[in-house]
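S.K.: build me a model from this:
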Amino acid sequence: MITSEALPELLAEYAEIETTLSDPAVHADQARARQLGRRYAELGQVVETSRRLEQVRGDLAAARELSAEDASFAAEAETLAGEVADLEEKLVTLLLPSDPHDGKDVILEVKAGEGGEESALFAGDLLRMYLRYAERRGWRAEVLDATESDLGGFKDVAVAIKGRGAEGIWERLKYEGGVHRVQRVPVTESQGRIHTSAAGVLVLPEAEDVDVTIDPADLRIDVYRSSGPGGQSVNTTDSAVRITHVPTGIVVSCQNEKSQLQNREQAMRILRARMLAAAQEEADAAENDTRRSQIRTVDRSERIRTYNFAENRIADHRVGYKAYNLDQVLDGDLDAVIDALHAADTEALLAGNAAS
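M.R.: Residues are numbered from 1 along each chain as shown. Below you'll find the predicted structure:
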């Protein structure tokens, strides 16, 4: 039987949020309403499972009592006992410490690394993979900024991925952060030799104004002329924007939009996300939390995943996942590998919870 001090508190929090959301005045503050809505949806799974468990336990007690007089109820009691065990296991998982960002949208950045043009082309492949994955799940993707390479790849690109309500975008995509390695014959290779190159992926929970406070006095904003592949001018006005947060040294540049104002808004979105991630990383380090680290340097030796084109193989080195459907994965069929990472993460949390 589950005994958890957290459960009554969560049920009370759910009831309180439900009452708060019924007040029309709350929806005047859209940021707060979104935050409450995400938490309400997250707690809804706990409440639904808890209520179902209570109901099935009652049915089980009744079936066992009746089976003492009528043996035909014994099979029903056995079925209900199995359902109770499944629901208890599910509730234990739901009551594990949750990632505070699991209900958030994300900003995903892909950066070319070692390998020159081949790395930039691979960065483009990764971008398309994530865009197709978002499309499969009904999420909206918006390119915030991109620097293309001469052959049509990307030196770097930033994308905002959004959903409706608490759709678990961060919960799914947070495992993608790190160095991705590709093994294939580049289009620039004339002798058919397989090369290895790498691209880095950085996944950040998108920050709202309530998450991060930025003092305008701490910002240095520079404007300059946008440029395309090879440095060719694609804009005759100073519409590109570079924002430096002086206290932290975080620098964000955007030149994707034609308007300086739009580029500034996009840069601020990325800056808020990076500052939120930096603050979370600092807090995790202070608490000695063993969270997975994301990309530090785009080096082939620090890979989390390998994409081998010759064997049509994808391998995630963190959990030993391997499959021979690389073509499908690159077309956005990412659920199997993400499910493996999510399962390993849950197992580690359960083990830590049992040991504490």
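
S.K.: quick check, pLDDT for the closest residue to M275 other than its chain neighbours.
M.R.: Excluding the flanking residues, the one nearest M275 by CB to CB, 6 or more residues apart in numbering is V212, at 5.0 Å. (Each C-beta comes from the backbone N, C-alpha and C, glycine too.) On pLDDT, V212 comes in at 78.

S.K.: and V212, how many neighbours?
M.R.: With neighbours defined by other CB atoms under 10 Å, the count for V212 comes to 16.

S.K.: one more: the one 4 residues further on?
M.R.: Counted with other CB under 10 Å, residues neighbouring P216 total 6.

S.K.: how about it, phi and psi?
M.R.: phi -50, psi -30 (degrees, to the nearest 10).

S.K.: next: the one 4 residues further on.
M.R.: Dihedral pair for R220: phi -110, psi 120, per degrees, to the nearest 10.

S.K.: what about the residue nearest to M275, helix or strand, and which?
M.R.: Under DSSP states H and E, no helix or strand contains V212.

S.K.: so how far is K90 from it?
M.R.: 34 Å (CB to CB, to the nearest Å).

S.K.: can I get stretch 329-338 as CSV, trimmed to CA atoms?
M.R.: Listed next in CSV are the C-alpha coordinates belonging to stretch 329-338 (Å, rounded to 0.1, in the frame of the first residue of the first chain):
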residue,chain,number,x,y,z
VAL,A,329,14.3,8.6,-37.1
LEU,A,330,15.6,11.4,-39.4
ASP,A,331,12.0,11.7,-40.7
GLY,A,332,10.9,12.5,-37.1
ASP,A,333,10.2,9.0,-35.7
LEU,A,334,12.0,9.8,-32.4
ASP,A,335,9.6,8.4,-29.9
ALA,A,336,11.3,5.0,-29.4
VAL,A,337,14.7,6.5,-28.4
ILE,A,338,13.1,9.2,-26.3
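
S.K.: what average pLDDT does that stretch get?
M.R.: On average, stretch 329-338 scores 96.

S.K.: ok, and what's touching that stretch?
M.R.: 125, 128-136, 172-173, 175-176, 305, 307, 314, 316, 321, 323, 325 (CB atoms under 8 Å, 6 or more residues apart in numbering).

S.K.: quick one: contacts for the residue nearest to M275?
M.R.: R272, M275, L276, A279.

S.K.: what strand or helix carries the third one?
M.R.: Which is L276. Residue-wise, L276 maps onto helix 260-286 under DSSP H and E.

S.K.: in that helix, what counts as buried?
M.R.: Residues 260, 263-264, 266-277, 280 are the ones in helix 260-286 that count as buried (16 or more other CB atoms under 10 Å).

S.K.: the residue of the chain most remote from its centre in helix, strand or coil?
M.R.: Ranked by distance from the centre of the chain (CA atoms, centre = their mean), the top residue is E69, with 53.7 Å. Put simply, E69 is coil when judged by DSSP: H, G, I helix; E, B strand; the rest coil.

S.K.: that one and A62: what is the separation?
M.R.: In terms of CB to CB, E69 sits 12 Å off from A62.

S.K.: show me how far stretch 133-142 is from its chain's centre.
M.R.: On the basis of CA atoms, centre = their mean, to the nearest Å, stretch 133-142 sits 13 Å off its chain's mean C-alpha point.

S.K.: in CSV, list the C-alpha atoms belonging to it.
M.R.: Coordinates of each C-alpha in stretch 133-142 appear next as CSV, following Å, rounded to 0.1, in the frame of the first residue of the first chain:
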residue,chain,number,x,y,z
TYR,A,133,9.0,15.3,-34.8
ALA,A,134,7.2,18.4,-33.7
GLU,A,135,4.8,18.1,-36.7
ARG,A,136,4.1,14.5,-35.8
ARG,A,137,3.1,15.5,-32.3
GLY,A,138,1.1,18.5,-33.3
TRP,A,139,3.5,21.0,-31.9
ARG,A,140,4.2,24.4,-33.5
ALA,A,141,7.8,25.2,-34.5
GLU,A,142,9.2,28.7,-35.3
